[in-house]
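*Asks:* sharing a model that was predicted from the sequence below.
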Amino acid sequence: MKRRPTYEELEQKVKKLEKELNCLYTVFEIINRPGISLEQRLQEVVASVSQGWQHSEIASARLMFEGQVYVSDRFEGGPCRQAADLIVDGKKVGVIEVYYGEERPERDEGPFLRAERDLINAIARRIGIFVERRRADEARERVQKRLQKALTKIFGGFLPICAKCKKIRDDTGNWVPIEAYIGDRTEVEFTHSICPECAKELYS
């Protein structure tokens, strides 16, 4: 017959779960916080990570990302290590590690618990997702700036446009349809349709 856990054992499990959840919440809050640099995020993450581990009193953490190294306070490494790779766009770009400064009894993965493996994997995944999204946003902003710059160069900044018929006055002073004006100066081709509001007005 399987032994039922004692009250003290259940209390310890609850405290351990609270530590893990608090750690995960803190890490996610740091990663999602607006207005701080990626470097500051990673430093704050690594400073808080080890608090989620069972033996946090002897734990320290290190995060390596694209050649930069971030460490928690009093980082010394140690004989026991748990790590997870940081993956961005399918490529390994770094690693996050938690060390115990002293030996501890064997558990699920050396002295580490299975839940701690899940925790460090979740943190590594969240960092990777954040970096991917940040880089995608930066790439989109660069494209938009290049497009705006190109359009400004093509059209000269301001376009005289008729408030009623929407024709544009070109460099020779002639008023031409907007499709013709843009088509003559870019590779854009127009197709025509009728929007719902105009369709209602025309065919009501």
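*Replies:* Structure's in. What do you need? Residues are numbered from 1 along each chain as shown.
*Asks:* only C-alpha atoms for contact and neighbour calcs from this point on.
*Replies:* Fine.
*Asks:* which secondary structure elements does the longest helix seen in the chain contact?
*Replies:* Assignment by DSSP state H gives helix 114-155 as the longest helix of the chain. Using 3 or more CA pairs under 8 Å, 6 or more residues apart in numbering; DSSP states H and E, the elements in contact with helix 114-155 are helix 7-32, strand 80-88, strand 91-100.
*Asks:* which of those sits closest to residue 184?
*Replies:* strand 80-88 (42.2 Å; CA to CA).
*Asks:* got a list of contacts for the closest one?
*Replies:* Contacts to strand 80-88, defined as CA atoms under 8 Å, 6 or more residues apart in numbering, come from residues 65, 92-103, 110-112, 117, 120-121, 124-125, 127-129, 131-132.
*Asks:* and those residues, which are buried?
*Replies:* 65, 94-101, 111-112, 117, 120-121, 124-125, 127-128, 131-132 (16 or more other CA atoms under 10 Å).
*Asks:* list the contacts of the residue nearest the centre of the chain.
*Replies:* Geometric centre of the chain, nearest residue: residue 130, 1.4 Å, by CA atoms, centre = their mean. Each residue near residue 130 by CA under 8 Å, 6+ apart is listed here: residue 31.
*Asks:* circling back to that earlier point, quick one: mean pLDDT for the longest helix of the chain?
*Replies:* In this model, helix 114-155 has a mean pLDDT of 87.
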